[in-house]
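Novice: for reference, the sequence and a predicted model appear below.
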Amino acid sequence: MTLQAQSPKQPLQSEIQPLLQLLNAGRWTQAESTCRALLRTYPNALVVHNLLGAALERLGRLDDAAESYRKALTIDPGIAEIHFNLGVLLSNLGKVDQAEASYRRAITLKSDLAVAQFNLGALLQETDRLDEAIACYRNATAIEPGFLEAHANLGTVLQRRGELDQAAASYRRALAIQPTAKGHFNLGTALRGQGKLDEAVASYRNALAIEPGYTEAHNNLGESLRDQGKMDEAVACYQRALSIDPSNAQASYDMAEFLALAGRYDEAIRNFEQSGLWDSRERALYCMYKSGRFKEFEGKLEAALAGRHASPLLATLSAHHAANFAVEDRYGFCKDPMAFIFHSAIDALVEPDSRLLRDLLRDITHTEIAERKQGRLYYGIQSAGNLLKRPETSFQTLAALIRENIAQYREQFSGEDCELVRAFPVNLEFSSSWYLKMHKGGHLTSHIHEEGWISGCVYLAVPPRRGEHDGSIEFSTDGDDYPKRHDNFPSRIVDQRVGDIVLFPSSLFHRTIPFDADEERVCIAFDLKPALA
């Protein structure tokens, strides 16, 4: 009997080596042809299915590549790296659930596969599952302490969660591994959020030392300098950003804000319209109204009425215009904002010898919190950063008590038919918060909170009144030197005491009446807004 030689079940290394050389040389089409030729001889060669998947992936044929990886996994489902490769492809194909399953399978098979932990974290971050994303990034950095991207992404997620101290620490760990312009920029954003303006400025300058053409760093440096009251330097930064990228939306927006404050309304309108960011349309309408371009304003307002009535600034403008010209206010954000003023007291602040009150005043006085320059504030200071997201127990306790009052506010007005109530913030997190300390003669001029929805103040120190309403807050539908044809606008004064809380629609003008006492006036102000689609 004659014995015939049998073909081996797997290719020899000498057959695989040329294929690897093709892949390493970037000759993807030849690599595909070589793989398919080998598979005709070795149909169950796992390594060839895997390499074919890699070649097809480089050729942009992602569905075919995914099928090759799946065939490899039917031969041996226990290889973590192939599950990971399949997860990358599925993620690129937008098949998020399948990609997540592949990453999780890879991690189950090989828990120390740091790149799988990282990619799963990135996927979870994109789908707003932030707690799980944080856990994955921390796993990745525990496995590979030098995993730069994992530290950076962890910082980003922590920053989104408002955990700015931890975010800054993650960014610093990333910078210790490799100083990059992006790393310094990210750290600057966290420091600015903490109100550490000097450090933020330094971080942005470090970013620019590495990458002088970093448009966003120039712009953010300008914003931080503006917060410090250094307007000339801030404007120079915006101009540098625009000289690098004339179409940069953020720089155009920030420049437009400066021009509007300077009363250069025509230039501001052009910059807002060029920017197109956020509330640029509403800001341009503000400039038209302030400069008396009423016919143009009315035409633009008519177009805005066709959309969702969700802009506090446009609500203010529409209400003022309606009262000014005796026409109907058709903007449905909150047509009668004076009726939505809420005045109450926080029990923990008014009880005798309140410990919370003492702690708040102590932390405001002695904690290192940077100041922010405020053009409407006279004889006083305002804190930078988001005060009620700071870690001190006093601020966190007050934040919880404020949320309780906001829940009462929502309940009180729940039956009202307006966008303010319909889209009331579900997640009661503070989009901004700050303290205001005023001394003799202190006051805030009339303004609204354009970027809020619901605004409020809690009063920690109220000076004795020498006049009837010294230091009180006054509300009106008129303010900010809006052009007006008469004085028939409603107003209301709220006299507050220590421990009081006042809530109101962000579209409502309010000001602080000057006071003449020697004692300080201290309050904490805040905004909340919903996540609008």
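Specialist: Yep, that arrived. Numbers count the residues shown, from 1 in each chain.

Novice: pull the helix or strand with minimum mean pLDDT from the chain.
Specialist: strand 371-372 (a mean of 88; mean pLDDT, DSSP states H and E).

Novice: direction included, what does the helix or strand just after that one pair up with?
Specialist: Once strand 371-372 ends, the next helix or strand along the chain (criterion: DSSP states H and E) is strand 377-383. Note on strand 377-383: by DSSP bridges, its sheet partners are strand 371-372 (antiparallel), strand 432-444 (antiparallel).

Novice: for I134, find the nearest of the ones you listed.
Specialist: strand 432-444 (23.6 Å; Cβ to Cβ). The C-beta positions use only the backbone N, C-alpha and C, and glycine is treated the same way.

Novice: any idea which helix or strand comes after the closest one?
Specialist: Heading C-terminal from strand 432-444, the first helix or strand you meet, by DSSP H and E, is strand 454-461.

Novice: coming back round to it: go through the strands paired with strand 377-383 and name the closest to I107.
Specialist: Closest approach to I107 among the strands paired with strand 377-383 (Cβ to Cβ): strand 432-444, 38.5 Å.

Novice: spatially central residue for this protein, please.
Specialist: Nearest to the mean C-alpha position of the chain, by Cα atoms, centre = their mean, lies R160 at 6.5 Å.

Novice: so which bits of the strand or helix carrying R492 are buried?
Specialist: Secondary-structure assignment from DSSP H and E places R492 in strand 491-494. Residues of strand 491-494 classed as buried by neighbour count (16 or more other Cβ atoms under 10 Å): V494.

Novice: so what touches the least confident helix or strand of the chain?
Specialist: For strand 371-372, contacts defined as Cβ atoms under 8 Å, 6 or more residues apart in numbering pick out G195, L197, D227, Q228, I381, Q382, S383, A384, W434.

Novice: helices along the stretch 101-250 of the chain, start to end?
Specialist: 114-126, 130-143, 148-160, 164-177, 181-193, 197-210, 215-227, 231-244, 249-261 (DSSP state H, counting those that start in this stretch).

Novice: for stretch 511-522, measure first residue to last.
Specialist: Using Cα to Cα, to the nearest Å, one end of stretch 511-522 lies 15 Å from the other.

Novice: about what we covered before: out of the strands paired with strand 377-383, nearest to Y289?
Specialist: strand 432-444 (21.6 Å).

Novice: buried sites along that closest one?
Specialist: Here strand 432-444 shows S432, S433, W434, Y435, L436, K437, M438, G442, H443, L444 as buried, counting by 16+ other Cβ under 10 Å.

Novice: measure how it sits relative to strand 454-461, angle-wise.
Specialist: On the basis of axes from the mean of the first three to the mean of the last three Cα atoms, to 10 degrees, strand 432-444 is oriented at 60 degrees to strand 454-461.

Novice: can you list the domains in this structure?
Specialist: 13-226, 338-528 (automatic domain parsing).

Novice: dump those into TSV; add distance to K295 as well.
Specialist: Output for the domains of the chain, formatted as TSV (distance: least, Cβ to Cβ, whole Å):
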stretch	distance to K295
domain 13-226	33
domain 338-528	13
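
Novice: give me whichever of these is most buried.
Specialist: Among those, domain 13-226 has the highest mean neighbour count (mean count of other Cβ atoms under 10 Å), at a mean of 19.

Novice: quick check: mean pLDDT across it?
Specialist: The average of the pLDDT scores along domain 13-226 is 95.

Novice: now stretch 510-528
Specialist: pLDDT averaged over stretch 510-528 gives 97.

Novice: and for stretch 445-454?
Specialist: Rounded mean pLDDT across stretch 445-454 is 96.

Novice: ok, now stretch 322-340?
Specialist: 96.

Novice: is A407 in a helix, a strand, or coil?
Specialist: Secondary structure state of A407, per DSSP: H, G, I helix; E, B strand; the rest coil, is helix.

Novice: quick check: closest non-adjacent residue to it.
Specialist: L428 (7.2 Å; Cβ to Cβ, 6 or more residues apart in numbering).

Novice: which ones are touching that neighbour?
Specialist: R403, I406, A407, L528.

Novice: now the residues you listed as a markdown table including distance to Y204?
Specialist: Output for the contacts of L428, formatted as a markdown table (distance: Cβ to Cβ, whole Å):
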| residue | distance to Y204 |
| --- | --- |
| R403 | 33 |
| I406 | 34 |
| A407 | 39 |
| L528 | 28 |
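
Novice: could I get stretch 217-225 in CSV with only the CA atoms?
Specialist: Coordinates of each C-alpha in stretch 217-225 appear next as CSV, following Å, rounded to 0.1, in the frame of the first residue of the first chain:
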residue,chain,number,x,y,z
ALA,A,217,-5.4,78.0,24.0
HIS,A,218,-5.1,81.7,22.8
ASN,A,219,-8.8,82.1,23.2
ASN,A,220,-9.1,80.4,26.6
LEU,A,221,-6.2,82.4,27.8
GLY,A,222,-8.1,85.5,26.8
GLU,A,223,-11.2,84.3,28.7
SER,A,224,-9.1,83.8,31.9
LEU,A,225,-7.5,87.2,31.5
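
Novice: off-centre distance for it?
Specialist: Here stretch 217-225 is found 16 Å from its chain centre; the criterion is Cα atoms, centre = their mean, to the nearest Å.

Novice: ok, and what's touching it?
Specialist: 181, 184-185, 188-189, 192, 197, 200-201, 204-205, 207-208, 211, 231, 233-238, 240-241, 244, 248, 250-251, 254.

Novice: of the helices of the stretch 101-250 of the chain, which approaches Q374 most closely?
Specialist: Closest of those to Q374 is helix 215-227, at 9.2 Å (criterion: Cβ to Cβ).

Novice: what angle separates that closest one from helix 197-210?
Specialist: 150 degrees.

Novice: also compute the angle for helix 215-227 relative to helix 231-244, please.
Specialist: Put simply, helix 215-227 runs at 170 degrees to helix 231-244, going by the same axes, to 10 degrees.
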